[in-house]
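Trainee: with the input below, show me the fold.
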Amino acid sequence: MFNATGSRAPQHGYGRSNPYSSGAQRYEYDWLPEDGGTYRTMCVRLCDGFYFPISFGVRRESFYRDNRACMKRCDGKARLFYYPSSGGSIEKMIDLSGRSYRTLPNAFRYRKSLVSGCTCRAAPWSAEAKARHLDYAAQEAERAIEASQTKKRDVDPAVALYEERVLSRPRQSYRQRPPGFRRWQSRRAG
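Mentor: Numbering: from 1, shown residues only. Here you go, the predicted model:
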């Protein structure tokens, strides 16, 4: 915290390097909370700088999980950034290697222009994704109907007639009880 001359030394990464960096660059911010603090993680699209939240109030141990979630949502064309839950801001967020969001070539580009083709996967609850999933279900149903019709055509006509007549009858009990038979009838006749 203090150097040999008694003045306050900068706290780059709490006295140790960023566990997610290559070791070449250390944190440049003195607003990072002490160990045990919580962070807000944001997924940033690299094509236009648009960001959206992944988690709020997580510890550093969750960064790996959040990074995987970010990569899944944008097919690897994104990077996880974070800032402290208390006192941090979007402008000061940094990625897992310690680079500032502001240093990205496309930082805040989404605010100025629309980049065509720059999207992440649609959320499963969005209207576009819902329509796509309904189309998938309809296609699957059509394939199932076609498969059953093909199966019917491939069956021998005699077997089809048997199945139609026998299997369509109401089910009957094959074991008939004699009239007057009581289930719990005593074996001893008295």
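
Trainee: which element is Arg68 on?
Mentor: Arg68 is part of helix 63-73 when elements are defined by DSSP states H and E.

Trainee: now for that helix, which elements pack on it?
Mentor: Contact partners of helix 63-73 among helices and strands, from 3 or more Cβ pairs under 8 Å, 6 or more residues apart in numbering; DSSP states H and E: strand 39-45, strand 51-58, strand 78-84. (C-beta placed from N, C-alpha, C; glycine too.)

Trainee: partners of the second one in the sheet?
Mentor: In other words, strand 51-58. strand 39-45 (antiparallel) (DSSP bridges).

Trainee: show me what the strand it pairs with is in contact with.
Mentor: 50-60, 62-63, 66, 69-70, 73-74, 77-85, 88, 90, 93, 95, 101, 104, 110, 118-120 (Cβ atoms under 8 Å, 6 or more residues apart in numbering).

Trainee: generate a PyMOL selection restricted to the buried entries among these.
Mentor: In PyMOL, a selection of the buried entries from the contacts of strand 39-45 looks like this (16 or more other Cβ atoms under 10 Å):
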select buried, resi 50+51+54+55+58+60+62+63+66+69+70+73+74+78+79+80+81+82+83+84+88+93+95+101+104+110+118+120
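
Trainee: ok, longest helix in the protein?
Mentor: Counting residues, the longest helix found in the chain (DSSP state H) is helix 127-154.

Trainee: tell me the angle of the lowest-mean-pLDDT helix or strand in the chain relative to helix 127-154?
Mentor: In the chain, no helix or strand scores lower on mean pLDDT, DSSP states H and E than helix 157-168, which sits at a mean of 71. Relative orientation of helix 157-168 and helix 127-154, computed by axes from the mean of the first three to the mean of the last three Cα atoms, to 10 degrees: 110 degrees.

Trainee: for the protein, which spans come out with low pLDDT?
Mentor: Regions of the chain meeting the criterion pLDDT under 70 cover residues 1-36, 76, 122-126, 150-155, 167-190.
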